[in-house]
Structure formats: C-alpha cells, structure tokens
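Student: need a structure here:
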Amino acid sequence: MAEYSSEIFNKACDYLSRRDHSEVELRKKLRRKFSEASLAEINLVLDKLKELGFQSDARFTESFVRTKYYSKNGPVKIMYELKKKGIKKKIEFDEFNFDETALQFAKVRYAGQLQKYETYDREQKLKLKEKMYRGLAGRGFKYETIKKVIGKLFE
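Tutor: Purely as a prediction, here's the structure:
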C-alpha cells in the first residue's frame, strides 16, 4: 500500500470528477488545499492517479484543445493556455480548420458593422479592418489566417 493520504487522494478524485486536469494544474490545486502535506506525498497521489488512469495529460490536452477550438479560439491562444497549465509539448492541429473558424467568428462578431460597410468612408473601412485584425489576433489566430479572413470578407 502506498504511503499517501486518502484525504488528498479523495480530493484529487473530486477535482478530476468535475473535469480533466493536467498534472501540473492538479499538483498546484492539491498544494494549495493541503499546504501541510509534503511534495512527496502529493507526488505519490499523482502517480497513483496516473497508474489508475484517472489523470492523463494526453487526455486533458485533447479535451482542452477541442473545447477551446469549438469556443472559436485560435492555435496561438490554445498553445499559450496549455503552457500555463503545464503542457509543453508541441500540438498538431491538422484536424482543425482554423481559417473557417476565424471566418465564422468574424461574421458573427462583426455582423452589424459588415452590413454597414458599404456606407462607410475610407477611414471607417480601415478602422473596421484594424478592429477585426485585433479581435482575431486576440482570439489567438495566426496572421496568415487573419489575412485570409479579412480578404474573404472584403472581396
């Protein structure tokens, strides 16, 4: 029998029952909750959770990427948020169409302004394109994708 606290194990299972967590994220939560516990004790719990299949960084990453993609976030933002959660490996986004996602987001987000676009003067048109660029960049889309989207919307 491993020498770890069943209280820590139960709390970790509670966290994981709500959603997947990365190992780093779960370690931080457990350290905050059980500040009196040793790091070795928490690591034993984490090892047991991995052994039982309750915690998996691969499963967490896949779930996290899909959730962020369907929330209309781009690859730059997804990678940044994964790094904050302790996932440092390179992710392949081959199965995702970020160009189409960015286009759909822009059409919905800027629908009102796009309808009025023809009535805008040159300066207003430029400001709208800049606003769209900043909005899409803030959602984590790459420059090439943003350029394609703005090109399609203003052909």
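
Student: CA atoms for contacts and neighbours, from now on please.
Tutor: Will do.

Student: Remind me what the strand or helix carrying Lys68 packs against, helices and strands.
Tutor: Using DSSP states H and E, Lys68 sits in helix 57-70. Packing partners of helix 57-70 (3 or more C-alpha pairs under 8 Å, 6 or more residues apart in numbering; DSSP states H and E): helix 75-84.

Student: and the helix it packs on, what other elements does it pack with?
Tutor: Partner elements for helix 75-84 (3+ C-alpha pairs under 8 Å, 6+ apart): helix 57-70.

Student: Now do the helix it packs on: everything it contacts.
Tutor: Here helix 57-70 makes contact (C-alpha atoms under 8 Å, 6 or more residues apart in numbering) with Asp20, His21, Ser22, Glu23, Ile78, Leu82, Ile87, Phe96.

Student: Select from those residues the one having the most neighbours.
Tutor: Of all the contacts of helix 57-70, His21 has the most neighbours under the rule other C-alpha atoms under 10 Å, reaching 24 neighbours.

Student: any idea how far Ala37 is from the nearest residue in space to it that is not next to it in sequence?
Tutor: Spatially, and ignoring its direct neighbours in sequence, His21 is nearest to Phe60 (5.9 Å; C-alpha to C-alpha, 6 or more residues apart in numbering). From Phe60 over to Ala37 the distance is 25 Å, taken as C-alpha to C-alpha, to the nearest Å.

Student: Same question for Ser63.
Tutor: Applying C-alpha to C-alpha, the value for Ser63 to Ala37 is 30 Å.

Student: and if you look at Glu155?
Tutor: The gap separating Glu155 from Ala37 is 61 Å, by C-alpha to C-alpha.

Student: Likewise for Gly86?
Tutor: For Gly86, the distance to Ala37 - C-alpha to C-alpha - is 21 Å.

Student: what packs against the biggest helix by length in the chain?
Tutor: Secondary structure of the chain per DSSP state H: the longest helix is helix 122-138. Counting contacts by 3+ C-alpha pairs under 8 Å, 6+ apart, helix 122-138 is packed against helix 98-109, helix 143-153.

Student: For the helix or strand following the longest one, which outside residues touch it?
Tutor: Where DSSP H and E defines the elements, the next helix or strand beyond helix 98-109 is helix 111-116. Contacts of helix 111-116 with the rest of the structure, by C-alpha under 8 Å, 6+ apart, involve Lys107, Leu128.

Student: Keeping just the C-alphas, turn helix 111-116 into CSV.
Tutor: The C-alpha trace of helix 111-116 is given here as CSV (Å, rounded to 0.1, in the frame of the first residue of the first chain):
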residue,chain,number,x,y,z
ALA,A,111,-22.2,41.2,-38.4
GLY,A,112,-23.7,44.7,-37.8
GLN,A,113,-20.6,46.5,-39.0
LEU,A,114,-20.2,44.3,-42.0
GLN,A,115,-23.8,45.2,-43.1
LYS,A,116,-23.0,48.9,-42.9
